[in-house]
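K.L.:
return atomic coordinates for the entry below.
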Amino acid sequence: MKFILCCLVVIATSAVLGAPVKDNSRALLELSKAVKRLQNDHTLKDADLYTPYDVENECLVPALWCFVDNLHKLHVKSRDINIITVRMPKRIHNPACKLCNSFKKTDRHTFLTSMKRHMEQIVQL
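P.N.:
Next up is the predicted model:
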């Protein structure tokens, strides 16, 4: 689990900070593996989670924080969440961006699939 979360952090940070194009395909592959592991992790709790969708480019980082902030509801270990948060880009408050709790709640599988799509969108920038 710790490895999966570390992969997500590296991918998010690299993408947001402008990783070279050749690293994007590697990041996407690692992300796919990490999310797939989370999707297949039956120890994670089922929960309804606020799931960002149709996010504009200027709101990608705040939406990424929304995903990260919801991980604890799946009973991902606090230590693992802390590993992610210390490496995340700074929280950006943009009044034009939706608040996390304004998004529709979805089940954990939809949440993780959307998180994967969101990360792919960041990597493609």
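K.L.:
run through this protein and note the low-pLDDT ranges.
P.N.:
Low-confidence segments of the chain (pLDDT under 70): 1-35, 77, 79-89.
K.L.:
please enumerate the helices of it.
P.N.:
Under the criterion DSSP state H, helices of the chain are mapped to 2-16, 21-40, 60-70, 78-85, 108-124.
K.L.:
residues of the last one that come out buried?
P.N.:
Translated: helix 108-124. Arg108, Phe111, Leu112, Ser114, Met115, Lys116, His118, Met119, Glu120, Ile122, Val123 (16 or more other Cβ atoms under 10 Å). For glycine as for every other residue, the C-beta is placed from the backbone atoms N, C-alpha and C.
K.L.:
report the two of those separated the most.
P.N.:
The two members of those with the most space between them (Cβ to Cβ) are Arg108 and Val123, at 22.3 Å.
K.L.:
tell me what Thr106 is bridged to.
P.N.:
Leu49 (DSSP bridges).
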